[in-house]
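J.: Build me a model from this:
(chains A and B)
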Amino acid sequence: MSSPEVTSPAGRPDEIRAVPVRRPGRWIAAAIVLVIAAALIRSVIVSPGFQWGVVGEYLFDHRILAGLLVTIELTVIAMAIGIVLGVILAVMRLSPNPLLSRASWCYIFFFRGTPVLVQLLFWYNIAALYPKLSLGIPFGPAFVHPNANTLITAFRAGILGLGLNEGAYMAEIVRAGIISVDEGQADAAQSLGMTRVQTLRRIVLPQAMRVIIPPTGNETISMLKTTSLASVITVTELLYAAQLIYSVNFKPIPLLITVSIWYLVCTSVLYVGQHYLERYYGRGASRELAPTALSRWRAAVLSPKHDWS
Amino acid sequence: MTVAMVRAEGVHKRFGRVEVLKGITLEVQPGEVMCLLGPSGSGKSTFLRCINHLEKIHAGLLSVDGELVGYRQVGDRLHELRESEVARKRAEIGMVFQHFNLFPHMTALENVSCAPIRVKRLAREQARSHARELLDRVGLLDKLDAYPAQLSGGQQQRVAIARALAMDPKLMLFDEPTSALDPELVGEVLEVMQQLARDGMTMIVVTHEIGFAREVADTVVFMDGGVVVESGPPAEVLGNPRHERTRTFLSKVL
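T.: Residues are numbered from 1 along each chain as shown, chains lettered A, B, ... in the order given. As a prediction, this is how the structure comes out:
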């Protein structure tokens, strides 16, 4: 063989020290972006329309904070309904029972095929369709007859609309997660004497979580913002609380900025939560646990030299 | 006369229109080690999966320890067993897979102790100490807290054997346990299986390891095209095969 020797017995060859290629294009592009960013930031600070003083005034206003609380409640409850419903629908969809599977398909078809805003309005006006609700045995005696108008408040209509709609989306996410788990896992679990339910709960779902968590995080973040649609049916969540204020003081811009700041704060918190959830369900997937955002940041700042280029 | 551990009579199995098993008849006695050999697609693995009812047979008779697999006979009619009953029977049969199928989200110790806790309802500590003993037996006492992804193929398969043994099975099924392993890792798994055979475990092993079959098996069965071509002691089937198909197969794998 006559290939050049890479390592000589005498020792390591010298490290390569070459003159790097000049990249003028990068410098020009960076300069343009910087100029645009500077202009934007200046206009945000200088232009009086933003009224930062008013923003500061209302940021911790009790009406805004009360709206924020309602937004968080709506998000949490609707997502909880969505996730539970999604798991049930996904399992139904994959069930060998054709009726269950079709029923699940129909549910997903209707709730994914119509706008969530329409669904919200629908639930809000449910009393027009069923003035009297009753709870009892189907086609048999009923035990309670609540009045639809008093039972379905705006808040409850919001929860129903958002949660039932979310269930359809979560069903598809959970189904994708379950399908992604290797069939050998179910074989192994069943050969050990586990029932179908045990196999699903102990073996398949925990592994499906790795696939389910990231899109669910997206759904949660999306839900947080979609709750603002509930303002249309007079739920006093964050946006409607702000609208009520600016309909009196005629300062929509600073109040919308206030609202946006709170939405950003909430989505940031959700990002961090999602990161740790993914880390937890990723255990065993790779040889090492992924570093937490904090430890990565610490490593980047404290390490003597950057070698993550 | 003792009851055969596994008794198959004219077992048929088809997938859609494809008939994979065309009448398998064989018997495995308690304490016996049987090796199933044969070209791929001959139905060895399918037959193994029928024994713990991972696959349903379409015709014939299949029983484990004197009880029908998947059915109960009442009068002269067969009744399908309920899922929980099938599960209870599977719990008495250990199975080891070609691709290990360890649970990736559990450590080695959790993999082994999981089924005893969930299925046998053993106390957690009891199950864990038993699991520790079993992992010690397969030489993995230092890997208790390792996840499957951190283990080599041979180590994973040894954990899988320990996991199956944790249910105290009366019968062990091995589905090509060494086929997915690097050549240098095959030995450590075969060694564990050989020890198991010496301890008197009843085993059915689908394998391509002719050396293992010759040394450990009491009976070697050669299958091709969904039927048993010949069976007998390894010296006969491997040393002096009577059928042309067996001879051709052996000449290719040896």
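J.: Where do the helices of the chain begin and end?
T.: No chain was given, so I picked chain A. Along chain A, the segments classed as helices by DSSP state H run A:24-46, A:52-59, A:62-93, A:98-113, A:116-124, A:126-129, A:148-151, A:154-180, A:183-191, A:196-198, A:205-226, A:238-249, A:252-281, A:293-302.
J.: let's do chain B instead
T.: Along chain B, counting by DSSP H, helices occupy B:44-51, B:83-90, B:108-118, B:124-137, B:153-165, B:183-198, B:210-216, B:234-239, B:244-253.
J.: Tabulate the ones you listed (CSV), appending mean neighbour count, mean pLDDT and distance to chain A.
T.: Bear in mind the C-beta positions are built from the backbone N, C-alpha and C, glycine included. Formatted as CSV, these follow (neighbours: other CB atoms under 10 Å in any protein chain shown; pLDDT from 0 to 100; distance: least, CB to the nearest CB, whole Å):
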stretch, mean neighbour count, mean pLDDT, distance to chain A
helix B:44-51, 24, 95, 8
helix B:83-90, 17, 93, 5
helix B:108-118, 24, 96, 4
helix B:124-137, 17, 95, 12
helix B:153-165, 25, 96, 7
helix B:183-198, 17, 93, 17
helix B:210-216, 17, 93, 22
helix B:234-239, 17, 93, 27
helix B:244-253, 13, 90, 25
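J.: Of the ones you listed, which is nearest residue A:181?
T.: helix B:108-118 (15.6 Å; CB to CB).
J.: low-scoring pLDDT stretches of the stretch 151-300 of chain A, where are they?
T.: Applying pLDDT under 70 to the stretch 151-300 of chain A flags residues A:283-300.
J.: In it, which residue sits nearest chain B?
T.: Closest residue of the stretch 151-300 of chain A to chain B, CB to the nearest CB: residue A:193 (2.7 Å).
J.: tell me the contacts of the spatially most central residue of chain B?
T.: Geometric centre of chain B, nearest residue: residue B:173, 1.0 Å, by CA atoms, centre = their mean. Listed by CB atoms under 8 Å, 6 or more residues apart in numbering or on different chains, the contact partners of residue B:173 are B:48, B:51, B:52, B:93, B:94, B:95, B:96, B:203, B:204.
J.: quick one: it and residue B:7, what's the gap?
T.: 15 Å (CB to CB, to the nearest Å).
J.: so residue B:164 sits right up against residue B:94, yeah?
T.: Yes: judged on CB atoms under 8 Å, residue B:164 makes contact with residue B:94 at a distance of 3.1 Å.
J.: shared neighbours of these two, anything?
T.: The contact lists of residue B:164 and residue B:94 share A:191, B:172, where a contact means CB under 8 Å, 6+ apart.
J.: How many neighbouring residues does the residue of the stretch 1-150 of chain B found nearest chain A have?
T.: In the stretch 1-150 of chain B, the residue that lies nearest chain A is residue B:91 (2.7 Å; CB to the nearest CB). Neighbours of residue B:91 under the rule other CB atoms under 10 Å in any protein chain shown: 21.
J.: Could I get the phi/psi values of it?
T.: phi -60, psi -20 (degrees, to the nearest 10).
J.: what's the pLDDT at it?
T.: Note on residue B:91: pLDDT of 95.
J.: Report the contact partners of the residue nearest to it when sequence neighbours are not counted.
T.: Spatial nearest neighbour of residue B:91, excluding adjacent residues (CB to CB, 6 or more residues apart in numbering or on different chains): residue A:193 at 2.7 Å. Counting by CB under 8 Å, 6+ apart, residue A:193 touches B:87, B:88, B:90, B:91, B:92, B:115, B:119, B:167.
J.: 10 Å - rerun?
T.: B:52, B:84, B:86-93, B:115-116, B:118-120, B:167, B:169 (CB atoms under 10 Å, 6 or more residues apart in numbering or on different chains).
J.: one step back: put together JSON lines for the helices of chain B, with distance to residue B:3 on each row.
T.: Formatted as JSON lines, these follow (distance: least, CB to CB, whole Å):
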{"stretch": "helix B:44-51", "distance to residue B:3": "15"}
{"stretch": "helix B:83-90", "distance to residue B:3": "15"}
{"stretch": "helix B:108-118", "distance to residue B:3": "26"}
{"stretch": "helix B:124-137", "distance to residue B:3": "27"}
{"stretch": "helix B:153-165", "distance to residue B:3": "22"}
{"stretch": "helix B:183-198", "distance to residue B:3": "20"}
{"stretch": "helix B:210-216", "distance to residue B:3": "23"}
{"stretch": "helix B:234-239", "distance to residue B:3": "25"}
{"stretch": "helix B:244-253", "distance to residue B:3": "30"}
